[in-house]
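Trainee: With the input below, show me the fold.
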Amino acid sequence: MMSIKSKFKLWPILLVSYLTILPLGVVYFSAMSPVAGMFLPILFLLFIVFFWLTVFRTRAYKVEMDGNTLIVKRYFGLGKSTAYNFNALDGFITLFESAKGTVHESVFILEKGKRIGSISSFYHSNFDQLKSILKDKLIDLGERESTFRGETSELFK
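Mentor: Okay, the predicted model is just below:
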């Protein structure tokens, strides 16, 4: 088997860029304004930092599959690499999440019951190809219901 790397779609990258630059701009312009307060801009900035550290930590993975090895990096590939042997993994679960009239499929890879990586039809342009390889290499543990409570608890694990 040849090596395959996940490829990010343009839209999530633009969204991340916008969500990173916007709060910094708001804080800057509020600091320069003689009448604007700093409470709401700082609160907005904290929300974005929280967003970066949670949602992107659990969703925006860069994955590479090579032979019997899965290499995972968090934060759009900016995090450190962790390598896993496919034989040591439990399998994967699938979640279908709806947003603004569309449904996005996310596949979470599990080791000892814990999510160690994911691929998503929202983030990855080659999602179907990646999922096909996961189906060949891992056990499909089925579909899970996406609930706000369940996903919120995953953010802090």
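
Trainee: what's the burial count for Phe76?
Mentor: 16 (other Cβ atoms under 10 Å). To be clear about C-beta, it is placed using only N, CA and C from the backbone, and glycine gets the same treatment.

Trainee: how about it, phi and psi?
Mentor: Backbone torsions of Phe76, given as degrees, to the nearest 10, read phi 60, psi 30.

Trainee: neighbours of the spatially closest residue to it that is not a sequence neighbour, just the number please.
Mentor: Residue nearest to Phe76 in three dimensions, not counting chain neighbours: Ala60, with 4.8 Å by Cβ to Cβ, 6 or more residues apart in numbering. Ala60 has 25 neighbours, counted by other Cβ under 10 Å.

Trainee: With the one 3 residues further on instead?
Mentor: The number of residues packed near Val63 is 20, by other Cβ under 10 Å.

Trainee: That one - nearest residue in space that isn't next to it in sequence?
Mentor: Excluding the flanking residues, the one nearest Val63 by Cβ to Cβ, 6+ apart is Ser6, at 4.7 Å.

Trainee: Now do the phi/psi pair for that neighbour.
Mentor: phi -70, psi 150.

Trainee: likewise Gly101?
Mentor: Dihedral pair for Gly101: phi 80, psi 0, per degrees, to the nearest 10.

Trainee: Which residues are in contact with the residue nearest to Phe76?
Mentor: Shown in contact with Ala60 (Cβ atoms under 8 Å, 6 or more residues apart in numbering): 8, 12, 16, 74-76, 123.

Trainee: same check, this time on Gly37
Mentor: Applying Cβ under 8 Å, 6+ apart, the residues near Gly37 are Ser30.

Trainee: neighbouring contacts of the host helix or strand of Ser106?
Mentor: Ser106 is part of strand 102-111 when elements are defined by DSSP states H and E. Contact with strand 102-111 is made by 59, 70, 72, 84, 88-98, 115-122, 127, 130-131, 134, 138, 141, as judged by Cβ under 8 Å, 6+ apart.

Trainee: Tell me the helix or strand right after it.
Mentor: Next along the chain from strand 102-111, counting by DSSP H and E, comes strand 114-120.

Trainee: Is the spatially most distant residue from the centre of the chain in a helix, a strand, or coil?
Mentor: Distance from the C-alpha centroid of the chain peaks at Pro34, with 39.0 Å (Cα atoms, centre = their mean). Taking DSSP: H, G, I helix; E, B strand; the rest coil as the rule, one finds Pro34 in the coil state.
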